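J.: model this:
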Amino acid sequence: MDHPNATNVSTSQSDFSSIFTNRVLPCFYCVVFVVGVPLNVMAAWIFFRVPGVSGFVVYLKNMVVADLLMLSTVPFRVAHDLNLGIGHIRVITCRYTAVLFYFSMFMFGGVSSLHLLQKPRFARLLSLFSWGLFFFLALPNVILTSKTANEQSSRDCMQLKTPLGIKWHKVSVFSNLSVFWLTLVIVVFCYTSIAYQVYKSYRRVGRDSSDVRRKSNRGIFSILAVFFICFVPFHICRVPFTQSQTTSSDFSRNIEFALKQLKEGTIFLSSLNVCLDPVIYFLMCRSFRKLLFRKLSMKHRRRSQTNAQSLSNINRERSTDTLD
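T.: A predicted model of the protein is given here:
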């Protein structure tokens, strides 16, 4: 005999899932896409005119590329969540765009230590190594997601993976998690040391260090804020969620459902990175600010010249009419 409470729980979970993952999140992703595309296209246009004279600029250029790749996957995620295109969109999302999304996300962690390097040549080499490493981890997830899709299996990406694909998925997830947490520890340690050294040096020479500390802290906390707001929540919940996906665990259906909702919510937080990164570019890169202000001033100057020319033409036409 079925228990009425079990039926109510299942129904409420299904309703919550359809509202949160199939209605709410797609709307939020659309906002991220609309805001993120112009910001990152503008950032790319500016950065490809900035010479890579430091490890920090190399780092920012890598971030721009990773953000553009992540943005390219958002329309597919929205179509998948809204059940548009049904099977075809779901298969494309599982095999390609979801892998590209995670690849871009983990690249942010992989290249985040580049801005601590002074020599641009070494930063470029490390960035190439990071791209190669994460590509090596991501490519098998595309190749081994090769089972024939049907209405049921296309709803769950894990059902499209071969047995080897499931094992590789777990290996790649824990490898990426290890790189992320290692990078986070390095960045937090280095930034704490930098902030302390800046404060100590200005105390030693007897200068007012309030402005320096404020500027230094602004840059430090902007990067750390992106780490902790966008990526830390996802990497915390990723371990139990992957365990529930890939092993015959003792997770109840209620816990599996909660982990699924938590994972989808934290993935959205990760996507906010594409809107916050341009703020980091503006706050921390002087060359970016100079080129941006120069572009805006040139546009304003051209607009003023056009308005002045139009006004001159109007006055000339009025003078001609008066003479006639």
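J.: please tell me how far the residue lying closest to Val65 once chain neighbours are set aside sits from Val58.
T.: Among residues not flanking Val65 along the chain, Ala44 sits closest, at 7.8 Å (C-beta to C-beta, 6 or more residues apart in numbering). The C-beta positions use only the backbone N, C-alpha and C, and glycine is treated the same way. Separation of Ala44 from Val58 (C-beta to C-beta, to the nearest Å): 14 Å.
J.: who's more crowded, those two?
T.: The neighbour count for Ala44 versus Val58, taken as other C-beta atoms under 10 Å, is higher for Val58 (24 against 15).
J.: centroid residue for this protein?
T.: Closest residue to the average C-alpha location of the chain: Asn273 at 3.9 Å, with C-alpha atoms, centre = their mean.
J.: ok, for that one, nearest residue in space, not its chain neighbours?
T.: Excluding the flanking residues, the one nearest Asn273 by C-beta to C-beta, 6+ apart is Cys230, at 4.4 Å.
J.: surely that neighbour is in contact with Cys275?
T.: No: here Cys230 lies out of contact with Cys275, judged by C-beta atoms under 8 Å, at a distance of 9.7 Å.
J.: which of the two has more neighbours?
T.: Cys230 (22 against 19).
J.: got the contact list for Gly36?
T.: By C-beta atoms under 8 Å, 6 or more residues apart in numbering, the contact list for Gly36 reads Asp67, Leu71, Val74, Val274, Cys275.
J.: from Val187, how far out is it?
T.: Shown here: Gly36 relative to Val187, a distance of 23 Å by C-beta to C-beta.
J.: helices of the stretch 51-200 of the chain, start to end?
T.: 55-81, 86-92, 98-111, 120-143, 163-204 (DSSP state H, counting those that start in this stretch).
J.: now render those helices as TSV, adding mean pLDDT.
T.: Shown next, in TSV, are the helices of the stretch 51-200 of the chain (pLDDT from 0 to 100):
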stretch	mean pLDDT
helix 55-81	89
helix 86-92	78
helix 98-111	85
helix 120-143	88
helix 163-204	81
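J.: Leu292: which of those helices is closest?
T.: Nearest of the helices of the stretch 51-200 of the chain to Leu292, taken as C-beta to C-beta: helix 55-81 at 13.0 Å.
J.: which other helices and strands contact the closest one?
T.: Secondary-structure packing of helix 55-81 (3 or more C-beta pairs under 8 Å, 6 or more residues apart in numbering; DSSP states H and E): helix 25-47, helix 86-92, helix 98-111, helix 120-143, helix 273-284.
J.: pull out the buried residues from that helix.
T.: Buried residues in helix 55-81, counted by 16 or more other C-beta atoms under 10 Å: 55-71, 73-74, 76-81.
J.: would you mind getting the angle between that helix and helix 25-47?
T.: Comparing the axes of helix 55-81 and helix 25-47 via axes from the mean of the first three to the mean of the last three C-alpha atoms, to 10 degrees yields an angle of 150 degrees.
J.: list the buried residues of stretch 274-292.
T.: 274-278, 280-281, 284-285, 287-288, 291-292.
J.: average pLDDT for that stretch?
T.: Averaged across stretch 274-292, the pLDDT comes to 83.
J.: start to end distance for it?
T.: Using C-alpha to C-alpha, to the nearest Å, one end of stretch 274-292 lies 18 Å from the other.
J.: starting at the chain centroid, how far to that stretch?
T.: Taking C-alpha atoms, centre = their mean, to the nearest Å, one finds stretch 274-292 lying 15 Å from the centre of the chain it belongs to.
J.: hang on, the earlier thing: out of the helices of the stretch 51-200 of the chain, which one sits most buried?
T.: Greatest average neighbour count among these goes to helix 98-111 (a mean of 23), per mean count of other C-beta atoms under 10 Å.
J.: now do that one: distance to the chain's middle.
T.: How far helix 98-111 lies from its chain's middle: 8 Å, per C-alpha atoms, centre = their mean.
J.: show me what that helix is packed up against.
T.: Using 3+ C-beta pairs under 8 Å, 6+ apart, the elements in contact with helix 98-111 are helix 55-81, helix 120-143, helix 163-204.
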